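S.K.: compute the structure for the input listed below.
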Amino acid sequence: MARPFLMAFALLSWTLIRSRSLNSESEVNLLDSKMLEGDTGWMAFPPEGWEEISGYDEFYTPIATYQACHVMEASQDNWLRTAWVPRADAERLYVELKFTLRDCSSIPGVAGTCKVDLGGRVMKLNTEVRDVGPLTRRGFYLAFQDVGACVALVAVRAFYKHCPQTRRSLSSFSATAAGADATALVEVQGMCLPGAIVVEMAPRMFCSADGEWLVPIGGCSCQPGYQQVMDRCQACSEGYYKDGTGSQPCIHCPPHSLTHRPGAPVCPCMEGHFRAYSEPATMACTRPPSPPRELVASLNASWVTLEWSPPSDIGSRMDLAYQVMCQKCAQKVEDVLVSSNSTEMTDGLTRRLNSNGRMTATVAMVPGTENRLKEIAKGGCTPCGEEVRILPGDVDLKETRVAVMGLDSQYDYVFEVASLNGVSSRSPKAPASVSVRLSINSAEFGQVTNIYQESVAKDSLSLSWTAPKHDIGTILEYEITFSEKVQKKVSYTTVKSKWTSVTLTGLKPATMYSVQIRARTAAGFGPFSNAFQFQTSEQSLDLTGEQSQNTIVWLSIVTGLIVLILIVFFLLKGRYCGYSKAKQNCDEEKQYHVKLPGLKMYVDPFTYEDPCEAVHEFAREIDVNRILIEGVVGAGEFGEVCRGRMRLPGGQAAPVAVKTLKAGYTEEQRRDFLCEASIMGQFDHPNIIRLEGVITRSIPVMIVTEFMENGSLDAFLRKNDGQFTAMQLVGMLRGIAAGMKYLADMSYVHRDLAARNILVNSNLMCKVSDFGLSRILEDDPDAAYTAKQGGRIPVRWTAPEAIAFRKFTSASDMWSYGIVMWEVTSYGERPYWDMSNQDVIKAIEEGYRLPAPMDCPVALHQLMLACWQQERTLRPKFIHMVAALDRLIRTPASLSVLANGTPRSPRPYLDPALPAFLAFGSVGDWLEAIKMGRYTDNFTAAGYTSLDAVARMALEDLARIGVTLVGHQKKILNGIQILRAQMVQMQDSGVQV
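M.R.: Presented below is the predicted three-dimensional model:
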C-alpha cells in the first residue's frame, strides 16, 4: 500500500489572503473545510497546539476554524493534519488557503518568542493558491505547522482541474481531468450521439491544464433516417424518410411508398410498385404497365403485320417499351378442334374451320385469353429460329407495329406482345402481355366488289356497299380511303365505319373522287376494293340512284366543254400571261380569269395596271366616318398601325386594326400598300387575317383588318414564357399550318413566314398576316417566283435555295414554317441566336440544323427536321403537316417524350440535318417525292405497300419488280438509304408521328 502523501504548510506570513471567487465548473473539490460538519477528523500535535473554534466567513456562514497563538512561549512546534483525502482522478493538485496572521511587533513583550522565520525547510506563502504535481499516490494529507505565530486558519480547499462533460458536433465528450504538467494537453476521443455516425474523421478534442476544451477535430452527422434537431439527432417519423447523411431534414415519402417505423432511410414501395435499379430513393414508386390492347394480326402471303394499341395503364412512367416473342408450333391448331363447317368460341378464341375441318387462322383478341393460348402453346411449341425475322426488332420497341417475315406455312405461330417499362424487371410477375396464334394459310378473304352512291351534295357523298365474302370471323369495321382523282400527287383521306354505309363530308364541289374500301376482322385487313369514282354536285342537290349517275355524266360533259372552249379561246388570242411579278399591261388577261366550278385561284394584283382596280375587285370600300381610331399600337413598313373601332349596322362597334399610308408616299409605295389589301381580300380562312375593307377615297389611305388582341406571336410568347402546355403550343402550330395549307392550295407563296408575322387573338387562335413580300406561283406546280435582284430576304427564316437562287416555293414556305415551330417551342427566341447571317448560311450549307429547344417534345422536333430538308422536294406538304399535328393532338402521350433540349445559351451547338419521311402517307407519295412515281404500280404489285418494307429493299429487289434502268436504280437506292437513316433516328428517339 502506498504511503500517504503529506503536504506541510508553514504559516508565518503577515499578508492577508484575499477571498477567492466561487470555484468554476472546471474545478473538482477534493477537500473543502467549509463543507465539513461535525467531527472533521483533523488532528493536532500536540493536542493543545491548535484550537478549533466556531466562526463566520465573509458571507456570515457558520464555519469551523483553527487557530494557534502561543507567542508567549518559546520554541513552538504545533501541527494540524487533515483527514485522509483520496486523490480521485487528479494529476495535479491545487490548495487554496484562507488565514489570518497577526504581526509579532503588535504584541508587547514577545519580541524574543514570536517567530517570523521558521528556517529554510518551510515555504513562505505569498499567494492564496499553490499547485503540486504530478500526483502518483492514491491519496494525501494536508498538514499545517505553527512555529510561534498568532494565526487563524479560516478555510482550506484542495481541488484539481478537469474539462467537464460536453457535446459538440453531435458528439459527446466525457469529463476528463487535466494533465499533470501545466502545459499538457490531454487528447480525448468523442462518441457520436444516438442516431449519428462518423462522416470523415472521428471526433476528438484536447483538454488543457486550465480545464478548457481546445482544438476540436472531426465530428459526427445524423445518419440516414435521422434529422438534426438542435444538438441531437431525431428519428424521422412514420411517413417520412431521409436517405443521406447530413443536416438536411426528413422529407415526406414519394408517391406510392410508405414507412412503417420511425428512422427510415428509404420509403419502401407499396405492393405492386417498384423503383428501377438506377433510381434514387427520392423517386416515386411506379408499376409495370398493363398489357397492350387491341392486338391485330394482318396476314399477307408469307408475312404478318402485328399491330396493337398502347396499354391503358403505362404505370406512371414514360419509358414504355414492347417485346415481341415468337413460338413455332408443330401441333396444328385444327387438331384441337374436331367439328367442321362451324364457328366455335372458346375462352375468347375465335376459330374458323374450312370445309375440310382444318383450321386456317386463329386470332386472340378478347382479354383473358392469354393463359389459354399459353396452355395451347405448350404442346409442341419451341422458340422461333433465326429464319423468322421481326422488323424493326423484337425487344425495346417503341412503336406499336412490327412486320414478321420468314414464316413457314407448315407451322402455326404464337406471338406474344408484352408491355415493359423501367420497373418490369423488379416485379416478380411476368410482364403483362397479349397473344395471338395463327397460321399463314389464311382463308380466302373476299374484297368489296360493289360501291353504290345513295345521295350526292356539293360537299358530301353518301355511299353504301355489300359485305365481302370471307372465312375469318366477324367483320369489325370497314376502312374507306378517298382522294381527288385529278390530283397529280394523290393525298388519301381515310375514314372508318362499322356499317356498310358512310357519308363522306368536307368535299369540294363538282370534284371527282376515287374511293376504295376494305374490311377488317380479328385476323386483320382484307384487300382493298377496286377504285370507284364519284363526283360531287355543283349545287346543293340531293340525288339518288340512277339520277345521280346521270347527273354526274352531264356535269362531266358540260365541264369538259367549258374547259375545251377556254383552251381554244386562249390559243386564238395568244395573249395568255401567267401569274408573275412582271409589271406589264395584262388588263386583257385579267378580264378572262374564269372561275371553274369548285375551283378558286389566286389572282396577282400586279397584273392590274391600276392597283385601285384590283382593290375594288377584291376588297370593299369603307366609309371613313365608320372608323374611330383610338390609339397607335405600332409602326409598319408604310406607316402607323392603329387600334380602332368600326361602327357596324345596328349601332354596334367592333374592334379593328387600321394600317395607314404615311404622308409623302411615292406611287410605288401606294401601289404596294394597296396590293397587300388586294391580296388579303382574296382569302377567306379562319387562320388568315381577315380584311374588313379599305379606305381609298380620303387621306390617309387605310387598310382595315380584324383586331388581334394579343399582337404578334413572337412578342406574345416572350411575354408568357413557359406559361403554355405542349398541347396548347401544338394547337397554335396547327392553326398556322392550316392557314398555310389554304394558301398553298391557292398556289400562293408567302415568302416571309415568321412568328413576327403571325397574329394571336384572345382565344389563342393564330392567323397568318403580312403579305407584303408574298408572291404567286405559276400554273406549273414546280414553278417558283424569282425575286428581283437586291431584294431583302429574312435569312434566318428562308430556305437555302431561296437565299442562293431567289427561288421561292411552297416548299420554301415549309422551311420557314419549321423555323416558326422552333420559335413557338422556344417561346420567341431568336433563331440561331447571335450568329451572323453569313454564319447561318454557312452552317445550313454544312448540314447543321437548330437543336430542339428546352422541354420541346421529340415529335415536334422531328417535324422541324422534316421541314429543313436540303432537298426541297423531300419536305412535307402543308396538308401532311396538318395531318401530322392532328395525330399529335389525338395522342397527347406522344408529346410527353421530351428531346434532350439544350439550355438556352448564346451559341449552343446545332444538330446535323437528318432526312425525314414521316409526313409521307404512302409509298406512292415517297416515290413521287424522289421523282420516281412511275414505279408506284410496280411496288404495289410486288407487295411493297409500306415504307417499312421499302426500307428493307436491295438492288436485286428493284430488278425483280421491274426497275431495270441503272440511273433509276441508283436514285431509288439512295432514297432507301436516307429512309433507313431516318427510321433508325426515329426509333432511337422513341417517337411515333
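S.K.: state the distance from the residue nearest to C236 when sequence neighbours are not counted to C285.
M.R.: Nearest in space to C236, with sequence neighbours left out and distances taken as CB to CB, 6 or more residues apart in numbering, is C250 at 3.7 Å. Quick note: C-beta positions are derived from backbone N, CA and C, even for glycine. Distance of C250 to C285, given as CB to CB, to the nearest Å: 18 Å.
S.K.: over to R81?
M.R.: 78 Å.
S.K.: quick one: which of those two has more around it?
M.R.: More crowded of R81 and C285, by other CB atoms under 10 Å: C285, with 22 against 19.
S.K.: can I assume L885 sits in a helix?
M.R.: Yes - counting by DSSP: H, G, I helix; E, B strand; the rest coil, L885 is found in a helix.
S.K.: what is the neighbour count of it?
M.R.: By the criterion of other CB under 10 Å, L885 has 23 neighbours.
S.K.: same check, this time on the one 3 residues further on
M.R.: L888: 24 surrounding residues under other CB under 10 Å.
S.K.: that one and M881 touch, don't they?
M.R.: No - L888 lies out of contact with M881 (CB atoms under 8 Å); the separation is 10.8 Å.
S.K.: picking that back up, now do the contacts for the residue nearest to C236.
M.R.: With contacts defined as CB atoms under 8 Å, 6 or more residues apart in numbering, C250 is in contact with Q227, C236, S237, Y240, Y241, K242.
S.K.: and the pLDDT at A443?
M.R.: On pLDDT, A443 comes in at 45.
S.K.: Y66 is in contact with M43, correct?
M.R.: No - M43 is not in contact with Y66 according to CB under 8 Å; the separation is 11.0 Å.
S.K.: compare these two (neighbour count), which wins?
M.R.: Y66 (22 against 14).
S.K.: which helices and strands sit right next to the helix or strand hosting that one?
M.R.: According to DSSP states H and E, Y66 maps onto strand 62-69. If you count contacts as 3 or more CB pairs under 8 Å, 6 or more residues apart in numbering; DSSP states H and E, strand 62-69 packs onto strand 51-56, strand 78-81, strand 150-163.
S.K.: so how far is the last one off the chain centroid?
M.R.: Average the C-alpha atoms of strand 150-163, do the same for its chain, and the two points are 78 Å apart (CA atoms, centre = their mean, to the nearest Å).
S.K.: got the angle for it vs strand 62-69?
M.R.: 130 degrees (axes from the mean of the first three to the mean of the last three CA atoms, to 10 degrees).
S.K.: next one: stretch 217-227 to chain centre, how far?
M.R.: 35 Å.
S.K.: what does that stretch rub up against?
M.R.: 168-171, 190, 192-193, 195-205, 228, 233-236, 241-250, 262-266.
S.K.: average pLDDT for it?
M.R.: Across stretch 217-227, the average pLDDT comes to 92.
S.K.: buried residues in that stretch?
M.R.: If you call a residue buried by 16 or more other CB atoms under 10 Å, then stretch 217-227 has these buried ones: G218, G219, C220, S221, C222, Q223, P224, G225, Y226, Q227.
S.K.: ends of it, how far apart?
M.R.: Start to finish, the residues bounding stretch 217-227 are 22 Å apart (CA to CA, to the nearest Å).
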